[in-house]
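Enquirer: I'll drop the sequence and a predicted model, then ask my questions.
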Amino acid sequence: MSTSETARYVRLRVDVVLEIDGPAELAEAAVGRIDADEFMPEEERVHARTAAREDSAEALAYLVEPFDLIRDVPGIEMVQASWSSEEVEYDPDALEWDLGEEDEEDGEDGAEDDDARS
């Protein structure tokens with residue numbers, strides 16, 4: 001059986017930097033999601049509401065669902081997912097925020113190397 005016919009596991013990493021320009025709206029959307037979660041125990045729900053109202057990163061974490069990224073992608077099944085959200089200092093000109101767009105143009109991003117081995 002060739003490599004293309006066997007199951008392969010791939011780790012997809014996505015970094016997104018968001019500017020929160022409506023923290024109250026974000027918090028209320030998160031509280032709405034928390035209130036709608038029929039599986040969340042009431043004690044956890046109280047804590048989650050407080051966290052979402054006090055911290056935009058917490059609110060965002062309640063609204064992001066990794067499965068939504070791959071829901072309509074054929075031929076895959078999500079095996080495991082985790083995500084986190086944190087407030088950060090953002091400087092778009094700093095080297096740490098360089099997402100490597102130049103590497104992609106040069107074919108050095110690793111994805112093309114994986115394709116060449118397949």
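Expert: Sure, I can see it.

Enquirer: check which helix or strand A24 maps to.
Expert: Under the criterion of DSSP states H and E, A24 resides in helix 23-36.

Enquirer: what mean pLDDT does that helix have?
Expert: For helix 23-36, mean pLDDT is 98.

Enquirer: ok, now how distant is A48 from I34?
Expert: Remark: distance between A48 and I34 (Cβ to Cβ, to the nearest Å) = 5 Å. The way it works is simple: take the backbone N, C-alpha and C, and place the C-beta from them, glycine included.

Enquirer: actually, V14.
Expert: Applying Cβ to Cβ, one obtains 24 Å for the distance of V14 from I34.

Enquirer: which one of the two has more residues nearby?
Expert: Applying other Cβ atoms under 10 Å to V14 and I34 shows that I34 carries more neighbours, namely 20 against 7.

Enquirer: list the contacts for the more buried one?
Expert: Contacts for I34 were tallied using Cβ atoms under 8 Å, 6 or more residues apart in numbering; they are M40, R45, A48, R49, A52, Y62.

Enquirer: my guess is the third one meets E42, correct?
Expert: No: taking contacts as Cβ atoms under 8 Å, A48 lies outside contact range of E42: 10.4 Å.

Enquirer: of these two, which one has the most company?
Expert: Of the pair A48 and E42, A48 is the one with more neighbours under other Cβ under 10 Å, namely 21 against 7.
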